[in-house]
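[1] need the 3D shape of this:
(2 chains)
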Protein chains: 2
Amino acid sequence: VISITSTMSSDESLRLGVITRLFAGQRDWSVDLGDGVAARLLVGADSQDDCCVFQLTGRQELVVGSDYVRGPKFKLYELGLLDEFDLGWYLATANLSDVAAMGAHPIGLLTVVRYPVSMSIESFESVLTGIRDAAAQAGVLNVGGDTGSAERLILSGAAVGITRPGASLLRSGASPGDVVCVTGPTGMAGAALRYFNREQEMGIDAKYEETLLAAWKRPRARITEGLLLGASGVVTACVDTSDGLKGALEALAERSNVGFVIDEPALPLTPEVTQVADLLGQPRLELFFGDSVDFQLVATVSPGNLKMLQDKANLNLYPIGVVAAEPELVLRGADGSCRPLPGTAWRHQEAAPAAKA
Amino acid sequence: VISITSTMSSDESLRLGVITRLFAGQRDWSVDLGDGVAARLLVGADSQDDCCVFQLTGRQELVVGSDYVRGPKFKLYELGLLDEFDLGWYLATANLSDVAAMGAHPIGLLTVVRYPVSMSIESFESVLTGIRDAAAQAGVLNVGGDTGSAERLILSGAAVGITRPGASLLRSGASPGDVVCVTGPTGMAGAALRYFNREQEMGIDAKYEETLLAAWKRPRARITEGLLLGASGVVTACVDTSDGLKGALEALAERSNVGFVIDEPALPLTPEVTQVADLLGQPRLELFFGDSVDFQLVATVSPGNLKMLQDKANLNLYPIGVVAAEPELVLRGADGSCRPLPGTAWRHQEAAPAAKA
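    Numbering: from 1, shown residues only, chains lettered A, B, ... in the order given. The predicted structure follows:
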C-alpha cells in the first residue's frame, strides 16, 4: 500500500499517479456462483488500505494483504545483528500487521521464500522456522506460498483474515474532533537502525541496546489490539505504522481528508529513542515520527468513546492529538506553539537508498 | 508449491524435507469469532496443493495461493521478445492458474511489483497494465499488493478464490483405473524458450513462431475449465502444468500415491513443438513433457464419468492415459511397448540455471 503525501518525491508521485489511474473505480465487482456461493468487493486497490476487503456469503468479511520485505538488504542483517530466523519472523509479522490494521482476525499466512543456491540448508530452515514461529505467536499457520531458488534471497508474503460484517477498519473515516491514538511507542526500529549503524564509538546503556535490537528481531503484529479496535465499533479509522508514525498520520489524513494536531507532551517517547537521538545529535522527534517499522496501530475515535476503548484489557492506547479539518500535520508544543510535524516517512526517503534498512 | 519426486536433486530433496517437517500436520486449525464468523483450515501447506483451502461460515470454501515469478530473469525478456506488459500479464496468469487448478472461481488478485529506480515510469505502467488486463480477462480485479523500489524488478503475487463446499480440487484422490486428461497441448512455452534462444540460423514457419511466442506473451489461466471440472463433482485430482506435464503427473502421483501409464498415440503434440524439436535435434516428447509453463490443467476422472466431462461446452479434454497402482510414470507406445516417461520437470533443472527462462 502506498501513502500519498504532498512532499513525496516527483518520481514516486508519478508512479502513484499511474497506480491511481490504472486501478481507479474498483466498485461494484461481485461474483455469484449460485447456491449462496458469492463474493462482493468492498475495498479494492484504489482505497489504498492495508488490505482489500470482500463481503462473503454468511456473516463475515474477508481481508487480504500482501507485503514484500527487503530480503538480504536488511542493514542489521548485513551487520550480522539479525539472522535468518529473524528475517523469517519479520516477514510473517509484516504481513500479519496488515490484517491487524484492518481489525481482522488472521486465518492464515502465505510466504514466498526464494533462496540463492548458495544458501545453506540450515539458513533456509532458519528462515522458515522464523516464519512458522511468528505465525504461531499470532495464532495462525503458514498455510502455503512458494519456495524455490532465485538469484538472491527474496521474501514476500500474503495474509488473510476475517471480520464481522462492517467491522473492517479503513484509513478513511476520521472526523475533525476525533482523538488520535497509538498503541505504543514508535521510533524504536528506526533508532535501532541508526544506532547499530553509527560511526560514534560511544554507545547507550546495554539494556537499551537489547530492546532496540528486539524491535527488529521479534516485532509483533498488533492483532489483539486490532481485533479489540475493530470489534469496538467506534474506531473511525486505523492504519499500522509500517512507514513510520508520520507516514501513518499522512495516510489517515489523505484518505480521510483531514489533518492532525499532535500534542508534543503526550508523545510516548522511550529512553531508547531519546538516548539514540542525543548520542547521534539528531532531533528526538525526527526519530519518533520518522521511518521506523514498529508495527504499532494508529486509530481515531470520537472523544466520547475514548474511555471505553482505554478501559479494555490488553489494549494500551496513547492519545497523542486530535483530528483537524485543515489538511495539515501540526505539532503543538507544551506552550501551545505550533510547527510542522517533524520526521520523514519511509516513502520520502527513496532517493537515498543507502539510508534504508 | 513443491513437487516431490525420486529424481529430485539432493539439495532440493533436503530443502523439501525441511518444509515437510516444519509444516507437517496442519490439521484442526480453526477460529470462531462468535456470531457465525468462523474459519477452519481444510488444506494447509503440508498438502502441497496449488492453494490452501479454508471452510468459511456459510456455503463456501476459500482458496488462496501465492506465486513468485522470475522478474527480469525471463530469457525471452532479456532477448527483447517480451516487454514489461508481458511480464505483468504473466505474473497475473501464474497466480490465477493456481486458483483455476483448485476448481475455484477467482475473486481477486494481489501483486507485488518492486522496481529498480532506473525503471522508467512507462515501463512501470506497462507492468501494471499487463497485470490489470490479464486479471480483467479472467474476470477479476487486482485488488491490492505492494509496490515500491528495490534493487531489481521483483514480481510476486497472490490470488484468492471461492468454491462450493467440498468442490475444491486437490492433487490427492486419483485412483487406479481413472483416466488422466489434459486441457490442451503442453510443451509450447518450453519449445518457445529453446527456439528463440537457439544457435541455429534456420527457423521454423513464421506462423508457428507467432503461436510459440504467444505462449509467453498471453498465457491464459484455465479458469473456466477449472470451474467446470470442480463443479462436475467427478474429478478425483487436479493440478496445473506450471512445472511441465511430467512435473504435473509426478505431483499427482506423489500426492495420490499412484502411477500413470501414458499412451503415446493419444498425446496432443502441436506442430510447433514438433518443428522445434526436429530443428534442434531434440526428442519431441522431451519438449512435450518437460519444463514448460503452459498453465494447462491435468485432471483424473473415472472412465464412467469421462464422457459427461467431455460433453461440456468450453471444456476441451484430451485423455492421455490411465492411473496405475504402481508408483511409476510409464509411456506406452503404439505397439504396446513401455518405457519411462521422458522429460525433465522444472524442479530437476535447478542445477543448470543457465537453461532456465
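[2] now A:Ala39: phi and psi?
    Main-chain torsions, A:Ala39, degrees, to the nearest 10: phi -150, psi 150.
[3] how about it, what does it touch?
    Counting by CB atoms under 8 Å, 6 or more residues apart in numbering or on different chains, A:Ala39 touches A:Ser30, A:Val31, A:Phe54, A:Gln55, A:Leu56, A:Thr57, A:Leu62, B:Ile107, B:Ile162. For glycine as for every other residue, the C-beta is placed from the backbone atoms N, C-alpha and C.
[4] give me the buried entries from these.
    A:Val31, A:Phe54, A:Gln55, A:Leu56, A:Thr57, A:Leu62, B:Ile107, B:Ile162 (16 or more other CB atoms under 10 Å in any protein chain shown).
[5] which of those residues fall within strands?
    Of those, the ones assigned to strands by DSSP state E are A:Val31, A:Phe54, A:Gln55, A:Leu56, A:Leu62, B:Ile107, B:Ile162.
[6] can you tell me which two in the residues you listed are farthest apart?
    A:Val31 and A:Leu62 (12.9 Å; CB to CB).
[7] how about the contacts of A:Ala39 in a markdown table, adding distance to A:Ala100 and pLDDT?
    Listed next are the contacts of A:Ala39 as a markdown table, based on distance: CB to CB, whole Å; pLDDT from 0 to 100:
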| residue | distance to A:Ala100 | pLDDT |
| --- | --- | --- |
| A:Ser30 | 27 | 96 |
| A:Val31 | 27 | 95 |
| A:Phe54 | 18 | 97 |
| A:Gln55 | 20 | 94 |
| A:Leu56 | 20 | 92 |
| A:Thr57 | 25 | 86 |
| A:Leu62 | 15 | 97 |
| B:Ile107 | 22 | 98 |
| B:Ile162 | 24 | 97 |
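[8] quick one, helices of the stretch 101-250 of chain A?
    Secondary structure of the stretch 101-250 of chain A by DSSP state H, counting those that start in this stretch: the helices cover A:121-137, A:188-196, A:206-217, A:223-232, A:245-256.
[9] out of those, the one nearest chain B is which?
    Set against chain B and scored by CB to the nearest CB, the helices of the stretch 101-250 of chain A come closest in helix A:121-137, at 4.6 Å.
[10] for the residue of the stretch 1-150 of chain A at minimum distance from chain B, which non-adjacent residue is spatially closest?
    Closest residue of the stretch 1-150 of chain A to chain B, CB to the nearest CB: A:Gly58 (2.6 Å). Using CB to CB, 6 or more residues apart in numbering or on different chains and skipping the chain neighbours, the partner closest in space to A:Gly58 is B:Gly58 (2.6 Å).
[11] next, count neighbours for the one you found.
    Counted with other CB atoms under 10 Å in any protein chain shown, the neighbours of B:Gly58 add up to 16.
[12] again with A:Ser156
    30.
[13] could I get the contacting residues of it?
    A:66-69, A:91, A:111-112, B:66, B:68, B:112, B:146, B:154, B:156.
[14] closest one of those residues to A:Leu279?
    For the contacts of A:Ser156, the nearest to A:Leu279 is A:Val69 (27.8 Å; CB to CB).
[15] how close does the closest one sit to A:Glu250?
    Here A:Val69 is placed at a distance of 21 Å from A:Glu250 (CB to CB, to the nearest Å).
[16] who has more neighbours out of these two?
    Shown here are A:Val69 and A:Glu250; by other CB under 10 Å, A:Glu250 has more neighbours (26 against 21).
[17] take the helices of the stretch 101-250 of chain A and write them to JSON lines, including mean pLDDT and distance to chain B.
    JSON lines is the format used below for these (pLDDT from 0 to 100; distance: least, CB to the nearest CB, whole Å):
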{"stretch": "helix A:121-137", "mean pLDDT": "97", "distance to chain B": "5"}
{"stretch": "helix A:188-196", "mean pLDDT": "96", "distance to chain B": "17"}
{"stretch": "helix A:206-217", "mean pLDDT": "97", "distance to chain B": "19"}
{"stretch": "helix A:223-232", "mean pLDDT": "96", "distance to chain B": "8"}
{"stretch": "helix A:245-256", "mean pLDDT": "97", "distance to chain B": "12"}
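[18] nearest to A:Asp98, out of these?
    helix A:223-232 (9.8 Å).
[19] packing partners of the closest one?
    helix A:84-101, strand A:105-115, strand A:235-240, strand A:297-301, helix A:303-310 (3 or more CB pairs under 8 Å, 6 or more residues apart in numbering or on different chains; DSSP states H and E).
[20] mind doing that once more with 10 Å?
    helix A:84-101, strand A:105-115, strand A:154-163, strand A:235-240, strand A:297-301, helix A:303-310 (3 or more CB pairs under 10 Å, 6 or more residues apart in numbering or on different chains; DSSP states H and E).
[21] so how far is that helix off the chain centroid?
    15 Å (CA atoms, centre = their mean, to the nearest Å).
[22] and the helices and strands packed on helix A:223-232 as JSON lines, adding distance to B:Arg15?
    Shown next, in JSON lines, are those (distance: least, CB to CB, whole Å):
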{"stretch": "helix A:84-101", "distance to B:Arg15": "13"}
{"stretch": "strand A:105-115", "distance to B:Arg15": "8"}
{"stretch": "strand A:154-163", "distance to B:Arg15": "15"}
{"stretch": "strand A:235-240", "distance to B:Arg15": "32"}
{"stretch": "strand A:297-301", "distance to B:Arg15": "36"}
{"stretch": "helix A:303-310", "distance to B:Arg15": "46"}
